[in-house]
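[1] no FASTA, just this:
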């Protein structure tokens, strides 16, 4: 009997490779979001540190107006940087979501081919079973007829 061969096996392997690539892309996108989150966290820490320094200097009355102006300008710049970082995070999250959707589509395509392969294999196995059953029936009938003729 001939061995089962799925005609679309190469296509299925190609779809599996595409899915693996999309998984890698999603992993990279997740790393990008994490990196952008860490940058925002660092900006928040800097902001907190400088605010604490201002508080300490104000309590001790050792800050002059020029230095105070520099601190507040830097804090304002940090605020602008944090807002732009939040936008970068949103953009990275959007890209990650788009990459996830592409991965889901690739997975769906691969699963469709797997289902088709399973159906084709089931049809093949059913055909083989029918042929075997036919051969067994034929063998039994032949044996029965021989016995009848020999009697």
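    Ah, there it is. What you see is a predicted model, and the numbers here were worked out from it, not measured in a lab. Numbers count the residues shown, from 1 in each chain.
[2] what about the chain, any weak spots by pLDDT?
    1 (pLDDT under 70).
[3] middle-most residue in it, spatially?
    Of all residues in the chain, the one closest to the mean position by Cα atoms, centre = their mean is residue 23, 4.2 Å from it.
[4] Test my guess that it contacts residue 102.
    No - Residue 23 sits out of contact with residue 102 when judged by Cβ atoms under 8 Å, with a separation of 10.4 Å. From N, CA and C alone the C-beta is placed, and that goes for glycine too.
[5] What is the longest helix belonging to the chain packed up against?
    In the chain, assigned by DSSP state H, the helix with the most residues is helix 65-150. When contacts are defined as 3 or more Cβ pairs under 8 Å, 6 or more residues apart in numbering; DSSP states H and E, helix 65-150 packs onto helix 9-60.
[6] And the helix it packs on, what does it pack against?
    Judged by 3+ Cβ pairs under 8 Å, 6+ apart, the packing partners of helix 9-60 are helix 65-150.
[7] between the helix it packs on and helix 9-60, how big is the angle?
    The directions of helix 65-150 and helix 9-60 differ by 160 degrees, with axes from the mean of the first three to the mean of the last three Cα atoms, to 10 degrees as the criterion.
[8] re earlier: could you pull up the contacting residues of the residue nearest to the centre of the chain?
    Contact analysis of residue 23 by Cβ atoms under 8 Å, 6 or more residues apart in numbering lists residue 103.
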